[in-house]
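Fold the following.
(one chain, ligands or ions: 1)
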Amino acid sequence: MVSLRFDALVVGAGPAGATAAYTLARGGARVALVDKAVFPREKACGDLVGPRGLQVLDDLGVEIPDGLDVGDMLVVGPTGRRVRLPSFAGASYPGRARVVVRSVLDASLAEAAVNAGAVPFTGRAAEPIEEAGRLAGFTMSSGREVRADFVIGADGAASRVGTAAGLVDPKRVLWGFAVRSYVEQRVDMPVIVLWDEEPRRALPGYGWIFPGPGGVANFGLGVGTLSDRSRGATAARLLPAFTAHLRALGLLDRDPGPDARRPVGGWLKMGMVGTTPAAGNVLLVGDAAGLVNPLQGEGIAQALGSGRAAAQAVLADPSQAARLYRDALASAHLPYHRITAALQGALLDRPRAVSALGRLLTAPGFGRAIAGGWSVFWTELLDGAPSGPPRSVAAASMRIGKALTGRGPTAAWFEGAYPTPPSRNARAAGDVALPADVITSAS
Ligand SMILES: Cc1cc2nc3c(=O)[nH]c(=O)nc-3n(C[C@H](O)[C@H](O)[C@H](O)COP(=O)(O)OP(=O)(O)OC[C@H]3O[C@@H](n4cnc5c(N)ncnc54)[C@H](O)[C@@H]3O)c2cc1C
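This next block holds a predicted model:
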């Protein structure tokens, strides 16, 4: 049997894994980048890369072709009322997002990693290999053994690496399932739809229609399922009714019928809760670490940021990599996720309350008054936001959220998983202190 040895084995070549492999390879590490799919491959996604994600791509110097820049976002409430959420540039991110079809984004990132020196393997990381009581690699579906000092789990929400390393408590995870399709239609700006699937009973999630390159729009819907993954089928079941709702709202010109591309769905793991992101020589990044925003389902930016942070932690100090990475993640995401994960856990099975909240947020006057703060808060853009009323509203939302969610099972899980505050040298995921000779961006 062929056995190969590397400094790091990255399982999964999506945004998180490709970024980790790219950063490690540029830092001089010998990296294996393994994916069960042949790229370009399809990925269920709304294809919207948020401002922080664009910033990471810019920092790394990775060029992504074929995108469409977008700014403000429209939210349509359960009554059909609309609120426009403005986009702002912050100190640490641009004032725009970008729609890039995932087959294009992910193939570009994986190619950048390989060009930087990562060694690609196509195949499934199947059987874990243990050495001295720790995860030392995987036997691939091809039968080849790939071993490494570090294993980076970038293998998505249902991470094999996370399970093999015993880092996931499935009973505590906040799962979601979302399904998307494409249709030829020009759309002015990204639209999020808060939908009462029955009168005054909200969908435990939301739907969307986003513009796309070449006049092809991406639409779909997602539902939160708490720890019960059997509820994920709801998203696919409700897609036809949601499509009819989009038409009734005037957001789809016509019944997409055969013009719509076959829907594709995928799991989301949200709010960090239930997953320990790193222990010993195993680091989980992106969806594997459960970094999807519990309020609006964004995960690409977190995947890019965490992939970079994990790689930088390994390069900075291999003996402290897990701690450095946990600190970086905690500093960047913990305050927001411990609030929003608890909010989702508390609200998901209360469709009447969610419907009432959706009506309030999109009520004339109120919705307009808080739109700027809402925009900053639910996209996790408070850190680095410019001063002014939107920042104040978002900061107040954090304070209220903290007061409301300080107790309960979600708060207790976080107390156990993150007992100490992050050290001061980890300001943000991606800002791990590095030795001077480590290369951090393409030049
Ligand atoms: C329908 C839908 C819409 C979404 N819309 C948005 C959006 O508009 N914007 C946004 O920011 N986020 C969105 N998300 C979330 C976003 O897609 C994820 O957060 C993002 O893909 C996470 O990237 P990742 O690299 O962690 O994982 P992934 O992109 O899932 O990549 C994981 C990779 O690991 C590989 N893999 C898995 N298991 C193995 C194995 N055992 N061996 C080898 N390879 C393996 C897979 O083939 C895959 O390539 C959406 C999600 C869904 C489901």
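
which residues of this protein score low on pLDDT?
Along the chain, segments meeting pLDDT under 70 span 1, 421-443.

Swap in 50 and give it another go.
424-443 (pLDDT under 50).

which parts of it sit against the ligand?
Contacts of the chain with the ligand, taken as CB under 6 Å from any ligand atom, map to 11-17, 34-37, 43-48, 50, 124-125, 154-156, 160, 178-180, 220, 266, 268, 286-288, 292, 297-301, 303. C-beta coordinates here come from the backbone N, C-alpha and C atoms, glycine included.

Give me the subset of these lying in strands.
Val11, Val34, Asp35, Leu48, Ala125, Ala178, Val179, Arg180, Gly220, Gly266, Leu268 (DSSP state E).

I'd like those residues laid out as a markdown table, including neighbour count.
Shown next, in a markdown table, are those (neighbours: other CB atoms under 10 Å):
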| residue | neighbour count |
| --- | --- |
| Val11 | 31 |
| Val34 | 26 |
| Asp35 | 24 |
| Leu48 | 24 |
| Ala125 | 26 |
| Ala178 | 26 |
| Val179 | 24 |
| Arg180 | 25 |
| Gly220 | 25 |
| Gly266 | 19 |
| Leu268 | 28 |
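
quick one: which of the residues you listed is nearest Leu252?
Distance to Leu252 across these (CB to CB) is lowest for Gly220, with 12.2 Å.

OK, contacts around that closest one?
Listed by CB atoms under 8 Å, 6 or more residues apart in numbering, the contact partners of Gly220 are Ala44, Gly46, Ala178, Val179, Arg180, Ser181, Gly207, Trp208, Ala235, Leu239, Pro263.

Check those residues against Gly250 and report the nearest one.
Out of the contacts of Gly220, the member with the shortest distance to Gly250 (by CB to CB) is Gly207, at 14.4 Å.

Hmm, Leu246 and the closest one touching each other?
Yes: contact criterion CB atoms under 8 Å: Gly207 and Leu246 qualify, at 7.2 Å.

Strands along the stretch 1-150 of the chain, start to end?
Along the stretch 1-150 of the chain, the segments classed as strands by DSSP state E, counting those that start in this stretch run 3-11, 31-35, 48-49, 67-70, 73-76, 82-85, 97-100, 119-122, 125-131, 134-140, 145-153.

Okay, buried residues for the first one please.
Yep, that's strand 3-11 we're talking about. Within strand 3-11, the residues scored as buried using 16 or more other CB atoms under 10 Å are Leu4, Phe6, Asp7, Ala8, Leu9, Val10, Val11.

Give me the neighbour count for the spatially closest residue to the fifth one that is not a sequence neighbour.
Setting aside the residues directly before and after it, Leu9 is nearest to Ala148 in space (CB to CB, 6 or more residues apart in numbering), at 3.7 Å. The local packing of Ala148 (other CB atoms under 10 Å) involves 24 other residues.

In the stretch 301-443 of the chain, what residue spans correspond to helices?
321-347, 351-361, 366-378, 389-404, 409-417 (DSSP state H, counting those that start in this stretch).
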